[in-house]
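**Student:** here's a sequence, model it:
(chains A and B)
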Number of protein chains: 2
Amino acid sequence: MEKTVGSRVVYDGRIIRVRVDEVELPGGKTATREVVEHGGAVAVVALTENGEVYFVRQFRKALEKELMEIPAGKLEAGEDPAVCAARELAEETGMAPGRLQLLASFYTSPGFASEKIYVYLATGLVPARAEAPEDEILQAYRLPLGEALALARAGKIEDAKTLVGLLLLPDTEFKSRNSE
Amino acid sequence: MEKTVGSRVVYDGRIIRVRVDEVELPGGKTATREVVEHGGAVAVVALTENGEVYFVRQFRKALEKELMEIPAGKLEAGEDPAVCAARELAEETGMAPGRLQLLASFYTSPGFASEKIYVYLATGLVPARAEAPEDEILQAYRLPLGEALALARAGKIEDAKTLVGLLLLPDTEFKSRNSE
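**Tutor:** Just a heads-up that it's a prediction; the model follows:
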């Protein structure tokens, strides 16, 4: 437990708010904690009948490069993560899920950020109509699950939520069916 | 590619620096990108001869709760991630690795943060002497690998690097030996 003895907001933006807290440690000393407040996000492992998984390739300004990720997006205030997952999947791949199953929810970087991400498995995909926000430019594509898992195990996937989603797919149900 | 047409630093702190960039999209429109710059981190799956894994329980101010994580810490400027991994492991568990093997390196939250984390497998553990920084208060403990993997698959582990580290352990070498 760290008791907050002081707190100031140093940046209040569009998707993040940054706070600097002064805390009292159990021993009585004080320390400073920088906290990035983030409203949370969802990500979706969308698996086709043929055992393929959807990915998106998107330029990430924070990294100054493109990254291979599963479809994902930010939660709106008060939004049900499953509703958000279906919306983001439709916007980014044009597909709607017949079934959504929560694979995991986790904190991306608990040392400084409050962001929690919910990762779903989507199956029973059917075409949907949706458009991505105009400041999101990305390319969607599919890979066989076995190939995607091989990339993950070979260190070729550099995104936390994508790694967790792929590696947590139910073993017996999908992986054995799709790996060579 | 997003061409930066404007950039201002809105917070320059101890472990993060926050920037707001104005970017030009391929179509010619502009958009705003909030970027949290972070120097990167390491995490360690430290596996004993008996097939147990080290964990730490630590209060995380950003979440206002304790979290179960593998040992981890921030990279110092220019530091070799493997050196950092050995140092953090010693500080948090009192053990030094005989062997370090990179399991994965990935971005924790590419939508807004530059943080990259390197996750290692440490084996051949021997006692080391090291002290944790005084503002880090944590408890170290061990769990059998099979139990840790079961927690991960049951959604009981809420930390990205811990999930990735456990789920990426070489299948044949360790998991089969340790799961019931």
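
**Student:** nearest spatial neighbour of A:L100, chain-adjacent residues omitted?
**Tutor:** Among residues not flanking A:L100 along the chain, A:Y120 sits closest, at 4.8 Å (Cβ to Cβ, 6 or more residues apart in numbering or on different chains). C-beta: built from backbone N, CA, C; applies to glycine.

**Student:** the one you found is in what secondary structure piece?
**Tutor:** Taking DSSP states H and E as the criterion, A:Y120 maps to strand A:116-123.

**Student:** could you do A:F106 as well?
**Tutor:** Using DSSP H and E, A:F106 falls in strand A:99-107.

**Student:** burial count for the residue nearest to A:L100?
**Tutor:** Neighbour count of A:Y120, defined by other Cβ atoms under 10 Å in any protein chain shown: 28.

**Student:** and A:K3, by the same measure?
**Tutor:** Residues near A:K3, counting by other Cβ under 10 Å: 11.

**Student:** that one pairs with what?
**Tutor:** Counting by DSSP bridges, A:K3 forms beta bridges with A:E24.

**Student:** middle-most residue in chain A, spatially?
**Tutor:** Geometric centre of chain A, nearest residue: A:A43, 4.0 Å, by Cα atoms, centre = their mean.

**Student:** CA atoms of the helix or strand hosting A:G146 as CSV?
**Tutor:** Assigned by DSSP H and E, A:G146 belongs to helix A:145-153. Extracted in CSV, the C-alpha atoms of helix A:145-153 (Å, rounded to 0.1, in the frame of the first residue of the first chain):
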residue,chain,number,x,y,z
LEU,A,145,-3.0,-20.0,-37.1
GLY,A,146,0.0,-22.4,-37.2
GLU,A,147,2.0,-19.9,-39.1
ALA,A,148,1.1,-17.1,-36.6
LEU,A,149,2.0,-19.2,-33.6
ALA,A,150,5.4,-20.0,-35.3
LEU,A,151,6.0,-16.3,-35.7
ALA,A,152,5.2,-15.7,-32.1
ARG,A,153,7.5,-18.5,-30.9
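
**Student:** which strands or helices does the helix or strand following it pack on?
**Tutor:** For helix A:145-153, the following helix or strand on the C-terminal side (DSSP H and E) is helix A:160-167. The helices and strands touching helix A:160-167, judged by 3 or more Cβ pairs under 8 Å, 6 or more residues apart in numbering or on different chains; DSSP states H and E, are strand A:41-46, strand A:65-69, strand A:99-107, strand A:116-123, helix A:145-153, strand B:99-107, helix B:160-167.
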